[in-house]
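Undergrad: Coordinates for the following, if possible.
(one chain, ligands or ions: 1)
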Amino acid sequence: MRLANKLAIVTAAASGMGLAGVELFLREGAKVAAIDINEEALAALKGVARARGHDLVTIQADLSQPDQMRSSINEAAAALGGLDILWAHAGIPGPGGIENLDLAAYDRAIALNVTSAALAAGEAIKHMRKRGSGSIVFTASISGLVGSMFSPIYSAAKFAVVGLTKSLAQTFAPDNVRVNVVCPGLADTPMKIGFTGRSGDPTEAEANQARLLASVPMGRLCKAEEAAHAVLWLASDDASFVTGVALPVDGGFTAR
Ligand SMILES: NC(=O)c1ccc[n+]([C@@H]2O[C@H](COP(=O)([O-])OP(=O)(O)OC[C@H]3O[C@@H](n4cnc5c(N)ncnc54)[C@H](O)[C@@H]3O)[C@@H](O)[C@H]2O)c1
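TA: Next up, the predicted model:
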């Protein structure tokens with residue numbers, strides 16, 4: 001097992017790629033804490049884990065709130081008995097346009113995509129130093145590597161997460177803590193519609209998805225498990241000399 005005896009936190013863990021990550025980390029031998037705003041979904045996830053013989057720690061928190069972001073990491077590390085791995089996965093699509101910008105929506109997007117990642121890492125490093133090593137993985141997007149046709153603020157935020165990754169990789173290297181970021185393409189999760197279907201018109205959502213997929217050499221969406229497997233590799237000792245990397249999981253989208 002690739003994460004045997006590792007202590008891991010996953011944020012935004014109750015759906016989509018985060019949920020796939022929790023299940024994969026558990027299968028690979030980690031002790032896992034799942035943090036999410038959705039208490040009901042966390043309870044369901046805990047039940048599924050228990051049925052498979054795993055004791056999953058679950059913590060409900062609104063990660064757009066700095067106090068809750070910080071305290072949930074510390075609560076999770078205390079429940080786990082330390083911390084080796086953080087997958088800081090929280091994020092939202094944010095506003096679609098830039099004209100008459102909705103500043104409240106803008107602030108929410110920055111809070112969850114960028115501020116939460118910085119705060120999570122800032123708490124996690126304290127626990128990882130005590131263990132003598134660690135691995136932090138953020139979630140950006142293809143929109144953190146190239147501009148987005150649907151989501152300019154999201155793209156700006158995810159570029160910031162890539163910058164945070166490359167900076168913290170250097171800052172934390174002397175602590176033996178690696179920092180990387182996974183950059184999925186449009187993924188087959190509930191969030192997908194937040195990018196392609198902002199108008200609420202399903203026909204437009206389908207057309208937007210088709211437009212985007214036309215630029216994906218492999219011609220399909222990213223599966224949640226594919227992103228989770230990339231994170232597993234970055235988080236595990238298999239990637240022991242890999243830090244500061246923004247890894248696309250995008251079927252070749254950014255290779256063009
Ligand atoms: N779905 C995509 O197409 C796609 C592509 C690239 C990157 N991403 C990134 O992946 C991450 C999540 O995507 P997903 O597809 O797994 O999403 P998802 O919609 O399947 O799950 C998102 C999870 O985040 C939780 N959440 C929402 N707001 C929260 C808050 N304020 N505090 C705590 N938890 C909160 C939700 O309850 C949910 O469990 C985000 O960082 C997103 O930017 C998504």
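Undergrad: My read is that residue 31 contacts residue 6, right?
TA: Yes. If you go by C-beta atoms under 8 Å, residue 31 and residue 6 touch, sitting 7.3 Å apart. Bear in mind the C-beta positions are built from the backbone N, C-alpha and C, glycine included.
Undergrad: quick one: which of the two has more around it?
TA: More crowded of residue 31 and residue 6, by other C-beta atoms under 10 Å: residue 6, with 24 against 20.
Undergrad: Residues of this structure that sit close to the ligand?
TA: Taking C-beta under 6 Å from any ligand atom, the part of the chain that reaches the ligand is made up of 12, 14-18, 36-38, 41, 62-64, 89-91, 112, 139, 141, 184, 186-187, 189-192, 195.
Undergrad: one more time with 5 Å, if that's ok
TA: Selection of the chain residues close to the ligand by C-beta under 5 Å from any ligand atom yields 12, 14-17, 36-38, 62-64, 91, 139, 141, 184, 186-187, 189-192.
Undergrad: Let's see which of the residues you listed end up in strands.
TA: The strands, defined by DSSP state E, take in 36, 139, 184 from these.
Undergrad: Dig out what the second one forms beta bridges with.
TA: Just to be clear, that refers to residue 139. For residue 139, the beta-bridge partners under DSSP bridges are residue 182.
Undergrad: how about the residue in the stretch 51-200 of the chain positioned nearest to the ligand, what does it touch?
TA: Using C-beta to the nearest ligand atom, the closest approach of the stretch 51-200 of the chain to the ligand is made by residue 91 at 2.3 Å. Applying C-beta atoms under 8 Å, 6 or more residues apart in numbering, one finds that residue 91 lies in contact with 12, 112-113, 139, 141, 154, 157-158.
Undergrad: want to try a markdown table for those, with pLDDT as columns?
TA: Formatted as a markdown table, the contacts of residue 91 follow (pLDDT from 0 to 100):
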| residue | pLDDT |
| --- | --- |
| 12 | 98 |
| 112 | 98 |
| 113 | 98 |
| 139 | 98 |
| 141 | 98 |
| 154 | 98 |
| 157 | 98 |
| 158 | 98 |
